[in-house]
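Undergrad: Here is a sequence together with a model predicted from it:
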Amino acid sequence: MKKLFLLFCLILLAFFVDAQVPVSKEPRHHPVFENKNVRLLNVLLPAGDTTQYHIHSTPSVFIGFTKTNTGSQLKDQQQTEGTSTANSIWFENLKAPNIKIHRVWNRDTSTYHVMDIELLSSDTGFVGQPSQLEHSTLLIDTPWARAYQIQLAKGQQLSLQKHESPIVLVSLSDGEITMTTRQAAKKISLKAGKFFWIKQDEPFGLNNKSANSIELALVEVK
């Protein structure tokens, strides 16, 4: 009886170790915001830790906040190793048949930090041209999303009075800003990963009140 119980436990353990879960259900991927357009997952992977095998099935914009030595493994393939880049922004079309099933581990001594912005809208594309933003670089232009990297020096400002699409604004660095909307001007302390949801055609402005330059990612969502 004890041997049968032990065998059952081993089989059960093997099942859970090998289990595949949607990325939003993977314990290191923390859902922090969701609506009909996007799902934001804040990914925090401590040093030495490994995610479960998880499934990416939605086109996504990824934002990396740390330079970290990592490893990864696609399901039924060889392990690979690499180093993430801080303040990096990239897009992956993970819509079927491009679904990705993988796991990731942290080979470093500090926490690996990434944000996964899952794009839940259709891929019918944008009506207008990319926004003309000061102090910014257009990095991604797809039917699902456009992403810009913004760098504001001390005292510099950015203003966007009209935009056809909602926006996810994400801080890439620590700092202090004043954000101006229709409602009011508000002083805000930034930390890497702090985000804001800005509705379609809601005007806003940013003013860097920090002693140093700050970086942000602006993602226009279809």
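TA: Looks like it came in fine. Residues are numbered from 1 along each chain as shown.
Undergrad: just the helices in the chain please.
TA: Shown for the chain, the helices assigned by DSSP state H span residues 2-18.
Undergrad: in the chain, what spans have low per-residue confidence?
TA: 1-19 (pLDDT under 70).
Undergrad: Going by neighbour count, list what's buried in stretch 59-76.
TA: 59-66, 68-70, 72-73 (16 or more other C-beta atoms under 10 Å). Bear in mind the C-beta positions are built from the backbone N, C-alpha and C, glycine included.
Undergrad: can you tell me which two in those residues are farthest apart?
TA: The distance between the two most remote of these (C-beta to C-beta) is 27.4 Å, for 59 and 69.
Undergrad: so residue 46 sits right up against residue 113, yeah?
TA: No - in this structure residue 46 lies outside contact range of residue 113 using C-beta atoms under 8 Å: 10.3 Å.
Undergrad: Just want to know which of the two has more residues nearby.
TA: residue 113 (18 against 11; other C-beta atoms under 10 Å).
Undergrad: Quick check: closest non-adjacent residue to residue 160.
TA: Excluding the flanking residues, the one nearest residue 160 by C-beta to C-beta, 6 or more residues apart in numbering is residue 204, at 6.0 Å.
Undergrad: neighbours around the one you found, how many?
TA: Neighbour number of residue 204 under other C-beta under 10 Å is 18.
Undergrad: Over to residue 128?
TA: For residue 128, the count of nearby residues is 10 (other C-beta under 10 Å).
Undergrad: and it, what does it touch?
TA: Going by C-beta atoms under 8 Å, 6 or more residues apart in numbering, residue 128 touches residue 164.
Undergrad: That one and residue 153, how far apart?
TA: Taking C-beta to C-beta, to the nearest Å as the measure, residue 128 and residue 153 are separated by 28 Å.
Undergrad: Which residue ranges make up each domain of this protein?
TA: Following the assignment in automatic domain parsing, the chain carries domains at 19-119, 136-221.
Undergrad: Work out the gap between the first one and the centre of the chain.
TA: In this case it means domain 19-119. With C-alpha atoms, centre = their mean, to the nearest Å as the basis, domain 19-119 stands 8 Å off its chain's centre.
Undergrad: What of stretch 202-217?
TA: The answer for stretch 202-217 is 19 Å, by C-alpha atoms, centre = their mean.
Undergrad: Start and end of that stretch, how far apart?
TA: Taking C-alpha to C-alpha, to the nearest Å, the first and last residues of stretch 202-217 lie 17 Å apart.
Undergrad: Could you measure from residue 42 over to residue 115?
TA: Distance from residue 42 to residue 115, by C-beta to C-beta: 6 Å.
Undergrad: Looking at these two, which one has more neighbours?
TA: Set side by side, residue 42 and residue 115 show more neighbours around residue 115, with 26 against 17, by other C-beta under 10 Å.
Undergrad: who's in contact with residue 156?
TA: Neighbouring residues of residue 156 by C-beta under 8 Å, 6+ apart: 135, 207, 208, 213.
Undergrad: I'd like the list of those residues that fall within strands, please.
TA: Those of the contacts of residue 156 mapping onto strands are 207, 208, per DSSP state E.
Undergrad: The residue nearest to residue 52 when sequence neighbours are not counted and residue 49, how far apart?
TA: Nearest residue to residue 52, sequence neighbours excluded (C-beta to C-beta, 6+ apart): residue 26, at 5.4 Å. Separation of residue 26 from residue 49 (C-beta to C-beta): 12 Å.
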